[in-house]
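Asks: Quick check, what structure comes out for this input:
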Amino acid sequence: MSHSDGMTVLEARDFVKNYGAVKAVRGVSFSVKKGEIFGLIGPDGGGKTSLMRSFVSLLKIDGGELYFKGRSVRENPDFVRQNIGYMPQRFSLYQDMSVAENLRFFADLFNVDRVVAENRIEELYGFSGLKPFSKRKAGALSGGMKQKLALSCMLVHSPDVVILDEPTFGVDPVSRSEFWQILSKLKEEGTSILVSTAYMDEADLCDRVGLMFNGRILVHDRPSALPGRYPGKLYSLCTDDPHLVHDALEESGLCGECNLFGEGVHLTLSEGVVESQIRELLELKSLGFESFGAIDCGIEDLFLLLMKGDGDER
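Replies: Below you'll find the predicted structure:
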């Protein structure tokens, strides 16, 4: 029986994954639509990897269900493995083999016809920019180029659904940008992408995101819609002494939320408190500040709020 609406390629329904007494994923539900980039955003240890490994049938499902194109992952593991491209956090390239040899090896692994494989490899060279390095050993590539090669190896059998586990972790900013340009090209070609990251700025590069923490998806929506879920008015206070200012505000009881944010503090006011009381407090404690005023909420502000409630705020 199909559980797909014709547009859904990946779906989790009340999915649970345990490691003994440790609940790694706690009743997660969401879906990935055909041709979109869905991002799982959150810190390490939140359950992202366990969820992704379960989607490609590398881990046992302990509760709920996972579906790929309407088919149960639990009941169709071979179909899933043959038709999803999966790039784990530590993709095993053969360091002593060249770029071209790695690509041909993975083409053979996926039983891709030799002629089809050579044509596909040329296509992959085209969007990855790896052709000038085709004879270079994988071990001699930079971190960003290794990630491009790993992605190309994962795409050599032309899957139309791919799952990428923190593919830009530890990669320099320029390589991160180039990698996301490749993902955008894949999306334009109709590929559906589930990608995880701990980088909040990558959320805006996705069509939809799920903020994941402590085994739960706290909220999922379009990136542009998430800030509107923040309750109340948010303020930014820029100062040369963010830690001292933060501690003073926390102790005062004048703030609802109070979080260090770069070179300043983001805060909300407790009920009945007005802006002038914040200024008076800082003057009283001889704590200087450069600016203080209302700002638009960002995704990270919402995530920090939801993390404190561990998913109770939805």
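
Asks: Residue 55 and residue 124, how far apart?
Replies: Residue 55 sits 23 Å away from residue 124, going by CB to CB, to the nearest Å. (Glycine included, C-beta is placed from N, CA and C.)

Asks: Let me see the contact set for residue 196.
Replies: 39-42, 48-49, 52, 164-166, 212 (CB atoms under 8 Å, 6 or more residues apart in numbering).

Asks: Now with 7 Å, please.
Replies: 40, 48, 52, 165-166 (CB atoms under 7 Å, 6 or more residues apart in numbering).

Asks: Residue 21: which of those is nearest?
Replies: residue 48 (20.4 Å; CB to CB).

Asks: Sticking with residue 293, tell me its helix or strand.
Replies: strand 291-295 (DSSP states H and E).

Asks: which residues touch residue 51?
Replies: Applying CB under 7 Å, 6+ apart, the residues contacting residue 51 are 15, 25, 28.

Asks: quick one: which of those residues is most hemmed in?
Replies: residue 25 (27 neighbours; other CB atoms under 10 Å).

Asks: these two touch, right, that one and residue 14?
Replies: No - applying CB atoms under 7 Å as the test, residue 25 and residue 14 come out as separate, 10.2 Å apart.

Asks: how close does residue 126 get to residue 222?
Replies: Distance from residue 126 to residue 222, by CB to CB: 31 Å.

Asks: returning to what we had before: turn the contacts of residue 196 into a markdown table, including neighbour count, distance to residue 269 and pLDDT.
Replies: Putting the contacts of residue 196 into a markdown table (neighbours: other CB atoms under 10 Å; distance: CB to CB, whole Å; pLDDT from 0 to 100) gives the following:
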| residue | neighbour count | distance to residue 269 | pLDDT |
| --- | --- | --- | --- |
| 40 | 28 | 32 | 98 |
| 48 | 29 | 34 | 97 |
| 52 | 23 | 40 | 97 |
| 165 | 22 | 40 | 96 |
| 166 | 21 | 36 | 94 |
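
Asks: Distance to residue 71 and secondary structure for the residues you listed - can I get that in JSON lines?
Replies: Formatted as JSON lines, the contacts of residue 196 follow (distance: CB to CB, whole Å; DSSP: H, G, I helix; E, B strand; the rest coil):
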{"residue": "40", "distance to residue 71": "21", "secondary structure": "strand"}
{"residue": "48", "distance to residue 71": "23", "secondary structure": "helix"}
{"residue": "52", "distance to residue 71": "18", "secondary structure": "helix"}
{"residue": "165", "distance to residue 71": "22", "secondary structure": "strand"}
{"residue": "166", "distance to residue 71": "26", "secondary structure": "coil"}
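
Asks: what separates stretch 106-121 from the chain centre, distance-wise?
Replies: Stretch 106-121 sits 29 Å away from the centroid of its parent chain (CA atoms, centre = their mean, to the nearest Å).

Asks: Make 33 the starting number, not 1.
Replies: Shifting the count to begin at 33 puts that one at stretch 138-153.
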